[in-house]
Each structure stands twice: as structure tokens, then as C-alpha cells.
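Trainee: Take this sequence and fold it.
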Amino acid sequence: MSAARTIPERDPYLTIPRFERIPWLVHGFGTRRWTLEDFRAKKEWPHVFVAWLDQVHSNTIRFIARPFRIRPKADALATDRPGIILAVKTADCLPVLLVDESRRIIAAVHSGWRGTEQRIVERAVRGLRERYGSHPETLLAALGPCIAADCYDVGPEVKERFRAAGLPTDIFRPSGQPGKYVLDLRQANRLQLERLELDPKNIFDVGACTHCDDRFHSYRRDRNKPARLWNFIGIRDRGQIST
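Mentor: Take a look at the predicted model:
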């Protein structure tokens, strides 16, 4: 399902209307206007800890129970604790936010082509089930801004790695460059979620292309400006976090 709140150019992040209806949840897919300092400056979010990672294009998920000083090497975060905001940074890779509404469980996932090939989003869903007892069929998922398929040329070795991993290869199409393919990161991750029995109606997609839309940072478009977008999700801490 494609759904994101239409935002004015001045707004610092995109939100999902379905997620906005959950009273204990805060979330957003950051534009270039949203920075780490903005988390700390937001008066409505006192005493929150922003948990972010040393992202390494892996399939590792970390379960967060308390603030930490040394950032772990991983590409997904999950928690059931209020007062912690989970954040992943992207600049063409796909951010995925997961919510177990009934159990108050959340996760944030960073999925580039390497993470997708290693099934990082599958690993996150399975982790929520094993750690917290979440049922995949009731989870909500939001796919944030990423590079669109038509803008994402990859080499044949990427397609071969997907094939060797047992993943569908029909998400690749020949590109305009000889021997190259375009990869649909959104569809690849959506298929993994649906394979784990997430209801397609509970998968929401903002549909924005980071490469085409200059509200967002893009690694491929702005190679000399390696800035990152901040995508986040958190559980309100006894009313201390508000939007």
C-alpha cells in the first residue's frame, strides 16, 4: 500500500498516517532538513536516548534494553522500551520501520542491496517473533525513501548474488547500460515481508526516490557530499515524547 502524509517542503520528515494513529508511537523518515541535533533540540522529547548504529551492510539486529555508549556494528535495531528512539541512516538504501501495535514493539532496519541479499528485513521480523513473541501477520511495516529502480543500475554480480541466495531475480530488469541491470529495492524487501506472512495491507510505502527528489540526500547523486538521512521510530515515555 502506497501511503505517506503529503508534507510541505519545509517539514523535516515524512510520516505514515496509519502510524500516526498509534498513540504511543513517534516516527519519521527524515529529509535533509532533519539532523541528529534536531532530536536533541526538540523540547517535546525530553530525556530520550537516540540509538543509532555503526552500519556495516550486514544482517545483524541488535535488541536494545538500555542506552549504550559504544555504537554496535549492525543494521537493525529493536526494542520494547519507552524513551528510546531507534534510528537508521540512509542515502539511497531503504529504511524500514516495523511496529507490533498490540505488544508495543518497534524496529528500524537499514537495507541496501547487500542487506537485502542477506535478508536483513526477514531477520528483523524473525527476531521480533523470537525475542518478543510478535506475530508477523499482525505487524505493520513502512518502507521509506530510497533510490527507485529506474535510477539504480547494478552489475551482473549483484543479480548473481541474489540468485545464489535463493532470492527472486525478476526484481532485476535490463538497464540502458550494456550488461547492467536496475534493481527494485522496495519490491525486493516487500517480497521478503510478504513471504513471512505480513499482510500486504499493512505494508506502507512512501514512494519517494532519494535520487530524483532533492529533499533527500542521495549517495549516487551527491557523491562528494556523503550526508545521511535520519529515519526513526520510538515509544513514548509516559507522555514525555509527543509530536
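
Trainee: Which stretches in this structure count as strands?
Mentor: 13-14, 25-30, 49-51, 61-63, 76-79, 84-90, 94-100, 105-111, 140-143, 153-154, 172-174, 181-183, 203-205, 229-235 (DSSP state E).

Trainee: Nearest approach to residue 69 belongs to which of the ones you listed?
Mentor: strand 49-51 (10.7 Å; CB to CB). All C-beta spots, glycine's among them, are computed from the backbone N, C-alpha and C.

Trainee: Which residues does that closest one contact?
Mentor: 36, 39-40, 64, 67-68, 77, 79, 83-87, 232 (CB atoms under 8 Å, 6 or more residues apart in numbering).

Trainee: out of the strands of the chain, deepest packed?
Mentor: strand 105-111 (a mean of 28; mean count of other CB atoms under 10 Å).

Trainee: That one relative to strand 229-235, how many degrees between them?
Mentor: Relative orientation of strand 105-111 versus strand 229-235 (axes from the mean of the first three to the mean of the last three CA atoms, to 10 degrees): 160 degrees.

Trainee: Just give the strands next to strand 105-111 in its sheet, each with its orientation.
Mentor: strand 76-79 (antiparallel), strand 94-100 (antiparallel) (DSSP bridges).

Trainee: Please compute how far that strand lies from its chain's middle.
Mentor: Between the centre of strand 105-111 and the centre of its chain there are 6 Å (CA atoms, centre = their mean, to the nearest Å).

Trainee: and what of stretch 54-70?
Mentor: 14 Å.

Trainee: Could you pull up the mean pLDDT of it?
Mentor: Averaging pLDDT along stretch 54-70 gives 95.

Trainee: Ok, stretch 81-92 next?
Mentor: Stretch 81-92 comes out at a mean pLDDT of 96.

Trainee: Relative to the whole chain's centre, how far out is it?
Mentor: 9 Å.

Trainee: Kindly export that stretch (C-alpha atoms) in CSV.
Mentor: Listed next in CSV are the C-alpha coordinates belonging to stretch 81-92 (Å, rounded to 0.1, in the frame of the first residue of the first chain):
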residue,chain,number,x,y,z
ARG,A,81,11.4,0.1,26.0
PRO,A,82,9.9,3.6,26.1
GLY,A,83,12.1,6.6,25.9
ILE,A,84,14.4,5.1,23.3
ILE,A,85,14.3,6.3,19.7
LEU,A,86,15.7,3.9,17.2
ALA,A,87,17.4,5.5,14.2
VAL,A,88,18.9,4.2,10.9
LYS,A,89,20.8,6.4,8.5
THR,A,90,20.3,6.2,4.7
ALA,A,91,21.2,7.9,1.4
ASP,A,92,19.7,5.7,-1.3
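
Trainee: my guess is residue 31 meets residue 230, correct?
Mentor: No: Residue 31 is not in contact with residue 230 according to CB atoms under 8 Å; the separation is 9.4 Å.

Trainee: what touches both of the two?
Mentor: With CB under 8 Å, 6+ apart, residue 31 and residue 230 have common neighbours residue 13.

Trainee: Bridging across strands, which residues link to the residue nearest to residue 132 when sequence neighbours are not counted?
Mentor: Leaving aside its sequence neighbours, residue 132 sits nearest to residue 105 (CB to CB, 6 or more residues apart in numbering; 4.8 Å). As for beta bridges, residue 105 partners with residue 100 under DSSP bridges.
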